[in-house]
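[1] okay, here's the prediction I keep looking at, along with the sequence it came from:
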Amino acid sequence: MSSEQTAEAPRERLRQLVRQDIRDRPFSELSTVAFHHEGGVLAGKALLSALETARCATGTYDAIGALTAAAVPFTTAMMYVAATEGRNLDSFVLDFVFPGIKGPSIEGKRVVLVDAWLSEKSYIQTSSLVTLKNDGELNLDFGILTKLGAEVVAIAALVGDRGGSQGSPAHITVTDPVTEKSVVLPFLPVFQESEVSES
């Protein structure tokens, strides 16, 4: 097996796990991937790799934040994978009840927001889903993190779709609802929806 085939094997295995989870459903929280003994580790590595690939766009970052409950196991996996590589990377989750976070302080830190699946499909927001439709939920989250003294540098997802292509990251504009300051952030999905759909 060539080194190129070896490098592709983990990504392809992860793609298979994601496809098995999705099957014919229009949306999934990808929990069978997150809690799979192999899938969780592969997802953590793939998300970190996506950020590393786009380092010119994101720069360095100190913490990763779960946008939803579905993203918590993925950010946890990223934190543990980073630790095995000798890197200290904190994680946190947006508090869905009281505007804030659960986890170590993010004041003065550069953070990346993470979700399991982010797209522009018009699903209703729940505690485990944020839609990119009109970016409303992301604007609120961005405002909370800004108020806590963090700098958001990118948004990542295991599955996502925003019109970008592999190697050419799409972008999301978020606006703090209090200050009305807008920031354009790189959006870095590991897989485009088309890569994991059955059709």
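    Everything's here; your move. Residues are numbered from 1 along each chain as shown.
[2] helix, strand or coil: sort out residue 154 for me.
    Secondary structure assignment for residue 154 (DSSP: H, G, I helix; E, B strand; the rest coil): strand.
[3] where along the chain do the helices fall?
    3-22, 31-34, 39-53, 55-58, 72-84, 136-147, 193-196 (DSSP state H).
[4] pLDDT of the longest one, averaged?
    This means helix 3-22. Summarised as a single mean, pLDDT over helix 3-22 is 81.
[5] could I get the CA-only coordinates of it as CSV?
    Coordinates of each C-alpha in helix 3-22 appear next as CSV, following Å, rounded to 0.1, in the frame of the first residue of the first chain:
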residue,chain,number,x,y,z
SER,A,3,1.8,6.2,1.5
GLU,A,4,-0.9,8.1,-0.3
GLN,A,5,-3.3,5.2,0.1
THR,A,6,-2.4,4.9,3.8
ALA,A,7,-3.1,8.6,4.4
GLU,A,8,-6.5,8.3,2.7
ALA,A,9,-7.6,5.3,4.6
PRO,A,10,-8.6,7.0,7.9
ARG,A,11,-10.6,9.7,6.0
GLU,A,12,-12.4,7.1,3.9
ARG,A,13,-13.2,5.0,6.9
LEU,A,14,-14.7,8.1,8.6
ARG,A,15,-16.7,8.9,5.5
GLN,A,16,-18.1,5.3,5.5
LEU,A,17,-19.1,5.7,9.2
VAL,A,18,-20.8,9.1,8.5
ARG,A,19,-22.7,7.6,5.5
GLN,A,20,-23.9,4.7,7.5
ASP,A,21,-25.2,7.1,10.2
ILE,A,22,-26.9,9.3,7.7
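[6] isn't residue 172 up against residue 137?
    No. Applying C-beta atoms under 8 Å, one finds residue 172 not in contact with residue 137, separated by 11.5 Å. Using the backbone N, CA and C atoms, a C-beta is placed for each residue, glycine as well.
[7] quick one, which of those two is more surrounded?
    Between residue 172 and residue 137, counted using other C-beta atoms under 10 Å, residue 172 has the larger neighbour count: 21 against 17.
[8] if we can go back for a sec, residue 153: which of the helices of the chain is closest?
    Of all the helices of the chain, helix 55-58 sits nearest to residue 153, with 5.0 Å by C-beta to C-beta.
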